[in-house]
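S.K.: Provided below are the primary sequence and the corresponding predicted coordinates.
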Amino acid sequence: MSKSLPYSVKDVHYDNAKFRHRSFFKVITQTLFTSDMKRECVSYSTGKFLGLFMIFGLACLILTHASKTPSATDGLSKGLETNEEHKVVTDVGVRFKKLLRRAPRLPPRLSGNEKVSSGIFTGKPNEHDEEKWKARQRNVKEAFIHAWSGYKKSAMGYDELLPLSMQGFDGLGGLGATVVDSLDTAMIMGLEEVVSEAGSWIESNLLERISQKGDVNLFETTIRVLGGLLSAYHLSGGDQDMNLANTGPKPTIYLEIAKNLADRLLSAFTSSPTPIPYSDVLLKNSSAHPAHNLLSSTSEVSTLQLEFNYLSAISGDPKYKTEGMKVFAHFKTLPKVEGLVPIYISPHSGEFIGQEIRLGSRGDSYYEYLIKVWLQLRSIQDGNFTYLYDMYEEAMRGVRHLLVQKTVPNELVFVGELPGGSKGSFSPKMDHLVCFLPGTLALGATKGITKEKAMKDNLLTIEDFENLKLAEDLAKTCFEMYSVTSTGLAPEIAYFHTKDFYEDGLGGGNQSSEYVNDIIIKFNDRHNLLRPETVESLFVLYRITQDPKYREWGWQIFQSFEKYTKVDSGGYTSLNDVTTLPPQRRDKMETFFLGETLKYLYLLFGDSSVIPLDKFVFNTEAHPFPIKDAIYLEGGSFMMKGTM
């Protein structure tokens with residue numbers, strides 16, 4: 001790094017000045033050689049000699065100090081040297097005056113490849129940084145290959161891998177969920193062998209599985225299997241504008257299977273007496289029924305629309321979008337608490353049940369899809385989907401007013417819960433699932449473009465800035481939920497020390513953490529399921545703010561996954577307790593570890609032009625769908641047009 005720039009070029013020399021200053025030393029030397037002074041020197045007295053000696057000594061002191069003390073002009077001194085040595089002498093007076101004045105305060109200087117403007121990081125990383133992150137991205141790709149190899153060897157065709165016992169497990173209806181969930185990650189990573197293996201299995205087996213299987217959950221099947229098929233369709237060239245897969249089936253294969261599956265899933269909507277769908281579907285006979293408690297989760301019924309909308313757009317059949325969007329239109333009419341909604345709803349009455357409000361399980365992706373579905377549909381002519389954005393903004397105001405608090409003693413920002421639906425029943429509890437929110441807030445503020453561009457184009461409102469600030473504060477808290485534990489991996493649920501709540505002896509195990517007294521981890525909440533929410537938000541925030549700390553945080557989390565969850569025989573495993581070493585292992589690799597966690601880490605460490613956030617919208621399972629212009633067709637249907 002070069003030395004500091006001078007305070008002012010005028011402090012170096014005055015060649016370009018109209019009037020050039022004469023130094024104090026030059027005045028003395030010129031005076032010494034005037035005729036009057038020469039006459040006086042002939043008959044000098046001891047007093048005069050001492051006086052001259054003191055002046056000469058002071059001048060030498062000034063010159064010595066200036067040569068030994070680093071100066072703001074040092075960085076330019078070599079470039080200004082000439083053969084005229086008297087120029088150094090002429091600067092002594094200026095240096096003397098600078099010693100007597102207080103130097104102005106300068107802003108901190110950054111290296112040449114960094115620039116700070118209004119808190120925004122701009123500029124391209126240098127070559128060393130580029131290579132470092134490319135190497136780290138390769139590490140993530142190798143982790144995916146290791147995870148896939150374990151699944152392929154021990155569980156191919158099953159929903160999930162049990163990596164310790166080296167066998168498969170069908171916990172999601174038996175549709176080979178890991179195969180479909182992983183496919184677009186392999187496409188993005190350029191792993192043609194994996195794409196070929198997964199694509200061939202889907203082409204040969206999935207339609208038969210769909211026609212024979214019984215109970216599946218509407219939500220899980222839509223986000224993982226239907227979402228994975230639709231994303232694979234696009235990334236393999238189905239929209240004619242992108243093809244990341246040179247192997248595997250033709251895109252139409254993925255589309256036809258997706259339509260077959262979606263036609264059966266539609267029974268959850270058509271069987272219900274209200275716009276709220278039932279939670280479970282029997283695929284083999286296309287029938288549906290409610291859950292055992294007769295209720296549907298708020299998040300589950302409102303996290304289907306991205307997938308059904310995109311299927312309507314590429315198939316030309318409006319029925320999928322029509323059924324899905326009825327849910328949001330109905331939600332618009334229901335009473336809310338400052339935009340916030342309870343976590344259960346009845347498909348029989350169409351009304352919310354209970355008063356429990358949270359942004360964790362059963363509530364989370366309702367808020368995520370409000371903004372994402374609006375982003376997907378906002379360009380439709382006369383579409384009138386602004387109500388989605390209005391509902392999102394109202395809900396985020398409610399979050400800031402009712403759910404946001406700070407910890408004691410270090411003021412970490414977190415989002416709590418309302419177990420009884422009122423502020424008086426506030427609980428300082430936050431699921432790891434809530435860590436989706438920083439990314440959603442940032443996406444809602446800039447609509448996927450960088451903060452720098454949004455500010456330059458004057459696109460951000462005061463509320464956008466507030467949401468961005470909350471996003472960054474919450475991302476910090478989510479990261480500290482990792483760093484406060486012995487393993488460096490977050491628990492499933494954390495509680496926070498506030499002025500009204502504290503439980504001693506329930507820390508994360510990392511005593512060197514600054515936040516060891518802020519975060520409380522109860523015994524039943526200490527497991528880690530390889531969840532993606534925090535790295536998802538780090539990915540979005542890095543893309544939008546360009547702040548490299550989010551990459552560094554992601555790298556630390558990835559290293560902890562490698563150290564404590566990797567299984568030598570293949571795959572990665574969940575943990576039972578992240579606060580103890582060595583951690584007890586749980587023997588399960590969730591499909592979202594390949595479909596989401598590793599995908600977001602790979603994109604976080606890579607080029608921001610890959611799957612750009614202003615051109616794609618990720619479903620809640622990290623399957624990217626393109627955002628395009630759209631127009632209405634007769635009968636209420638719509639089709640995509642234009643290019644990305």
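M.R.: Thanks, I have it.

S.K.: quick one: the helices in the stretch 151-300 of the chain?
M.R.: 177-189, 192-201, 207-212, 218-220, 227-233, 251-265, 267-270, 298-301 (DSSP state H, counting those that start in this stretch).

S.K.: confirm for me that Glu300 is in contact with Phe219.
M.R.: Yes. Between Glu300 and Phe219 there is a contact at 3.6 Å, judged by C-beta atoms under 8 Å. Where C-beta positions appear, they are placed from N, C-alpha and C, glycine not excepted.

S.K.: re the thing from before, need the helices of the stretch 151-300 of the chain in TSV (columns: mean pLDDT and mean neighbour count).
M.R.: Formatted as TSV, the helices of the stretch 151-300 of the chain follow (pLDDT from 0 to 100; neighbours: other C-beta atoms under 10 Å):
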stretch	mean pLDDT	mean neighbour count
helix 177-189	98	28
helix 192-201	97	20
helix 207-212	97	15
helix 218-220	98	22
helix 227-233	98	29
helix 251-265	98	21
helix 267-270	98	22
helix 298-301	98	24
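
S.K.: which one of those lies nearest to Thr591?
M.R.: helix 177-189 (4.2 Å; C-beta to C-beta).

S.K.: tell me what the closest one is packed against?
M.R.: Applying 3 or more C-beta pairs under 8 Å, 6 or more residues apart in numbering; DSSP states H and E, we find helix 177-189 packed against helix 127-155, strand 160-162, helix 192-201, helix 227-233, helix 591-592, helix 598-604.

S.K.: these into CSV, with extra columns for distance to Glu323?
M.R.: CSV is the format used below for these (distance: least, C-beta to C-beta, whole Å):
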stretch, distance to Glu323
helix 127-155, 33
strand 160-162, 29
helix 192-201, 29
helix 227-233, 16
helix 591-592, 25
helix 598-604, 28
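
S.K.: between these, which gets nearest to Arg526?
M.R.: Of all the helices and strands packed on helix 177-189, helix 591-592 sits nearest to Arg526, with 19.7 Å by C-beta to C-beta.

S.K.: and the closest one, what other elements does it pack with?
M.R.: Using 3+ C-beta pairs under 8 Å, 6+ apart, helix 591-592 sits against helix 177-189.

S.K.: dump the helix it packs on to CSV, keeping only the CA atoms.
M.R.: Output in CSV follows, covering the C-alpha atoms of helix 177-189 (Å, rounded to 0.1, in the frame of the first residue of the first chain):
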residue,chain,number,x,y,z
ALA,A,177,-36.5,-35.6,-3.1
THR,A,178,-32.7,-35.3,-2.8
VAL,A,179,-32.3,-36.1,-6.5
VAL,A,180,-34.7,-33.3,-7.6
ASP,A,181,-33.6,-30.8,-5.0
SER,A,182,-30.0,-31.2,-5.9
LEU,A,183,-30.3,-31.0,-9.7
ASP,A,184,-30.2,-27.3,-10.3
THR,A,185,-27.3,-26.9,-7.8
ALA,A,186,-25.3,-29.3,-10.0
MET,A,187,-26.3,-27.4,-13.1
ILE,A,188,-25.1,-24.1,-11.5
MET,A,189,-21.9,-25.7,-10.4
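
S.K.: correct me if wrong: His234 contacts Phe625.
M.R.: Yes. Between His234 and Phe625 there is a contact at 6.7 Å, judged by C-beta under 8 Å.

S.K.: returning to what we had before: which neighbours do Glu300 and Phe219 share?
M.R.: Ser279 (C-beta atoms under 8 Å, 6 or more residues apart in numbering).

S.K.: where exactly do the strands run in the stretch 301-450 of the chain?
M.R.: 344-345, 352-353, 404-406, 413-415, 429-431 (DSSP state E, counting those that start in this stretch).

S.K.: got the contact list for the fourth one?
M.R.: This means strand 413-415. Taking C-beta under 8 Å, 6+ apart as the rule, strand 413-415 contacts 359, 399, 403-407, 428, 430, 434, 437, 470, 473-474, 476-477, 494, 496.

S.K.: each with direction, which strands does that strand pair with?
M.R.: Sheet partners assigned to strand 413-415 using DSSP bridges are listed as strand 404-406 (antiparallel).

S.K.: list the buried residues of the partner strand.
M.R.: Of all the residues in strand 404-406, those buried under the rule 16 or more other C-beta atoms under 10 Å are 405-406.

S.K.: what does that strand rub up against?
M.R.: For strand 404-406, contacts defined as C-beta under 8 Å, 6+ apart pick out 412-416, 426, 428, 470, 496, 498.

S.K.: repeat for stretch 230-250
M.R.: 180, 183-184, 187-188, 190, 192-193, 195-196, 198-200, 202-203, 251-252, 254-255, 258, 307, 310-311, 314, 619, 623-626, 640, 643-644.

S.K.: distance check, Leu235 against Asp364.
M.R.: 26 Å (C-beta to C-beta, to the nearest Å).

S.K.: same check on Glu590?
M.R.: 16 Å.

S.K.: what's the answer for Val617, then?
M.R.: Taken as C-beta to C-beta, the span from Val617 to Asp364 is 17 Å.

S.K.: residue contacts, the residue lying closest to Thr565 once chain neighbours are set aside?
M.R.: Excluding the flanking residues, the one nearest Thr565 by C-beta to C-beta, 6 or more residues apart in numbering is Tyr572, at 4.5 Å. With contact taken as C-beta under 8 Å, 6+ apart, Tyr572 is in contact with 143, 146-147, 150, 163, 530, 561, 565-566, 589, 593.

S.K.: bridged to Tyr572, which residues?
M.R.: Going by DSSP bridges, Tyr572 forms beta bridges with Lys566.

S.K.: quick check, pLDDT for Gly214.
M.R.: Looking at Gly214, its pLDDT is 89.

S.K.: kindly report the same for Lys115.
M.R.: Note for Lys115: predicted pLDDT of 38.

S.K.: check contacts around Phe539.
M.R.: Phe539 touches 439, 550, 554, 600-601, 603-604, counting by C-beta under 8 Å, 6+ apart.

S.K.: could you do Leu283 as well?
M.R.: So Leu283 contacts 173, 210-214, 216, 261, 264 (C-beta under 8 Å, 6+ apart).

S.K.: among the residues you listed, which pair sits farthest apart?
M.R.: Those two in the contacts of Leu283 that are separated most widely, counting by C-beta to C-beta, are Gly214 and Leu261, at 14.2 Å.

S.K.: isn't Leu183 right next to Ser196, touching?
M.R.: No. Applying C-beta under 8 Å as the test, Leu183 and Ser196 come out as separate, 10.5 Å apart.

S.K.: related to what we said a few turns ago, from the contacts of Leu283, which is closest to Lys456?
M.R.: Leu261 (43.8 Å).

S.K.: give the contact list for the closest one.
M.R.: 210, 221, 225-226, 229, 283.

S.K.: again, only this time at 7 Å
M.R.: 210, 225-226 (C-beta atoms under 7 Å, 6 or more residues apart in numbering).

S.K.: what backbone torsions are found at Phe496?
M.R.: Dihedral pair for Phe496: phi -130, psi 140, per degrees, to the nearest 10.

S.K.: run a quick neighbour tally on it.
M.R.: 25 (other C-beta atoms under 10 Å).

S.K.: could you measure from Pro612 over to Cys435?
M.R.: 23 Å.

S.K.: between those two, tell me which one has more neighbours.
M.R.: Remark: of Pro612 and Cys435, Cys435 carries more neighbours, 29 against 15, as counted by other C-beta under 10 Å.

S.K.: ok so, going back, now tabulate the contacts of Tyr572 in CSV and tack on distance to Ala288 and pLDDT.
M.R.: Formatted as CSV, these follow (distance: C-beta to C-beta, whole Å; pLDDT from 0 to 100):
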residue, distance to Ala288, pLDDT
Ala143, 38, 98
His146, 38, 98
Ala147, 33, 98
Gly150, 35, 98
Pro163, 34, 98
Leu530, 30, 98
Phe561, 37, 98
Thr565, 36, 98
Lys566, 40, 98
Met589, 30, 98
Phe593, 29, 98
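
S.K.: of all the helices of the stretch 151-300 of the chain, which lies closest to Val327?
M.R.: It's helix 298-301; of the helices of the stretch 151-300 of the chain, that one is closest to Val327 (C-beta to C-beta) at 5.5 Å.

S.K.: chain center to that closest one: distance?
M.R.: Put simply, helix 298-301 sits 23 Å off its chain's centre (C-alpha atoms, centre = their mean, to the nearest Å).
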